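>>> Generate coordinates for the sequence data below:
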Amino acid sequence: MHVPPSIQIENLSVHYAGQVALQGASLAVAPGELMALVGPSGCGKSSLLSAVNRMSDLVPGARVSGRVLIDGRDVLSEAEDVQALRRQIGMVFQQPNPFPLSIAENIRFALREHGVRNKAVLEERLEQALQATGLWNEVRDRLDKPALGLSGGQQQRLCFARALALQPSVLLLDEPCSALDPMASATVEALIDSLKGRYTLLMVTHNLAQARRLADHVAVCWVRDGCGCVLESGPTQDLFQSSRDPLAHRYLNGLLC
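Numbers count the residues shown, from 1 in each chain. Presented below is the predicted three-dimensional model:
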């Protein structure tokens, strides 16, 4: 059985054009577990997430220091194959962002971009990814229809399917439910819960109840001395019930905005 990797982040700092967005963040995610990053806006959660699969490389003026270890391999190394890294580490964003293509071509296009050309493999991965996200029975008869014709929740699950088709071992989720209505959000939450154990997941969320429902561990991010940081991380129930850091305790218990 495939064992998903661990993530170890050590003293991670992210700068944009000389401004510090995140300073000295450290945390660890065990294989197959989900860690939720929570905290107010502007505290470096998304910057931390984007450093893990080197999306920060695409931002002009961005500079990242520290270490991001995936099963002990430092993915910030200059020797890292970034395209291969992004196959291993899938990402789903806040707003559903399907390509303006058919439902099926959203999956096939992503696979072809990463070197998959065999038609049988493309169709197998397509069906597997849609099955894994609960979309197959909903769209199997309209795979050639525009993806943008799907509901918001279905579009977001298609984005999950597009990531899963590349057979990653880590998934980064940047507020994946925040743009969805409550019913669609519940469906996506159930999907995320089903992925635990098979993938290692790191998820940004502003929804503390969602973090408490889904996460095995939580990291509380904050702004201190003008830049983002990680105040405390640990098992979800432990942090909600007895955080050691006073700010983290107050935030998780609804005593801070």
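>>> now the helices for this protein?
45-52, 82-88, 103-113, 119-132, 136-139, 152-164, 182-195, 208-214, 236-242, 246-252 (DSSP state H).
>>> Of all the residues in the second one, which ones are buried?
To tie it back to what came earlier, the one meant is helix 82-88. 85-88 (16 or more other C-beta atoms under 10 Å). For every residue, glycine as well, the C-beta is placed using N, CA and C.
>>> starting at the chain centroid, how far to it?
14 Å (C-alpha atoms, centre = their mean, to the nearest Å).
>>> For residue 5, which residues are in contact?
31, 70-71, 169-170, 200 (C-beta atoms under 8 Å, 6 or more residues apart in numbering).
>>> any chance of the residues you listed in CSV, with distance to residue 219, neighbour count and pLDDT too?
Below are the contacts of residue 5 laid out as CSV (distance: C-beta to C-beta, whole Å; neighbours: other C-beta atoms under 10 Å; pLDDT from 0 to 100):
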residue, distance to residue 219, neighbour count, pLDDT
31, 17, 15, 97
70, 17, 22, 95
71, 19, 15, 93
169, 20, 19, 95
170, 16, 24, 97
200, 14, 27, 97
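>>> Check the protein and tell me which residue is nearest its centre.
Nearest to the mean C-alpha position of the chain, counting by C-alpha atoms, centre = their mean, stands residue 172 at 1.6 Å.
>>> Next one, pLDDT for the nearest residue to that one once chain neighbours are set aside please.
In this structure, residue 172 finds its nearest non-sequential neighbour in residue 91, 4.5 Å apart by C-beta to C-beta, 6 or more residues apart in numbering. What the model reports as pLDDT for residue 91 is 95.
>>> ok, residue 91 touching residue 53?
Yes: using C-beta atoms under 8 Å, residue 91 is in contact with residue 53, at 6.0 Å.
>>> of the two, who's got more company?
residue 53 (24 against 20; other C-beta atoms under 10 Å).
>>> The residue nearest to the more buried one when sequence neighbours are not counted bridge partners, please.
With C-beta to C-beta, 6+ apart as the criterion, residue 53 has its nearest non-adjacent residue at 3.9 Å, and that residue is residue 89. With DSSP bridges as the criterion, residue 89 is bridged to residue 170.
>>> Distance check, residue 89 against residue 148.
According to C-beta to C-beta, to the nearest Å, residue 89 stands 26 Å off from residue 148.
>>> Look at these two and report which has more neighbours.
residue 89 (26 against 14).
>>> where in the stretch 151-257 of the chain is pLDDT low?
Applying pLDDT under 70 to the stretch 151-257 of the chain picks out residues 257.
>>> ok, now with 80
Within the stretch 151-257 of the chain, the ranges that satisfy pLDDT under 80 run 256-257.
>>> which residues are in contact with both of residue 91 and residue 53?
residue 172.
>>> is it true that residue 185 touches residue 177?
Yes: here residue 185 reaches residue 177: they are 4.1 Å apart, a contact under C-beta under 8 Å.
>>> neighbour count winner among the two?
Ranked by neighbour count (other C-beta under 10 Å), residue 185 and residue 177 place residue 177 first, with 24 against 19.
>>> give me every residue that touches that one.
Contact analysis of residue 177 by C-beta under 8 Å, 6+ apart lists 156, 184-185, 188-189, 205, 207, 210.
>>> ok, now residue 100?
Neighbours of residue 100 in contact, by C-beta under 8 Å, 6+ apart: 146-148.
>>> Can you tell me which of those is nearest residue 127?
residue 147 (16.0 Å; C-beta to C-beta).
>>> The nearest residue to that closest one once chain neighbours are set aside: neighbour count?
Nearest-residue entry for residue 147: residue 98, 3.9 Å, with adjacent residues in sequence omitted and distances by C-beta to C-beta, 6+ apart. Using other C-beta under 10 Å, residue 98 has 21 neighbouring residues.
>>> so residue 98 touches residue 158, yeah?
Yes: between residue 98 and residue 158 there is a contact under C-beta under 8 Å: 5.3 Å.
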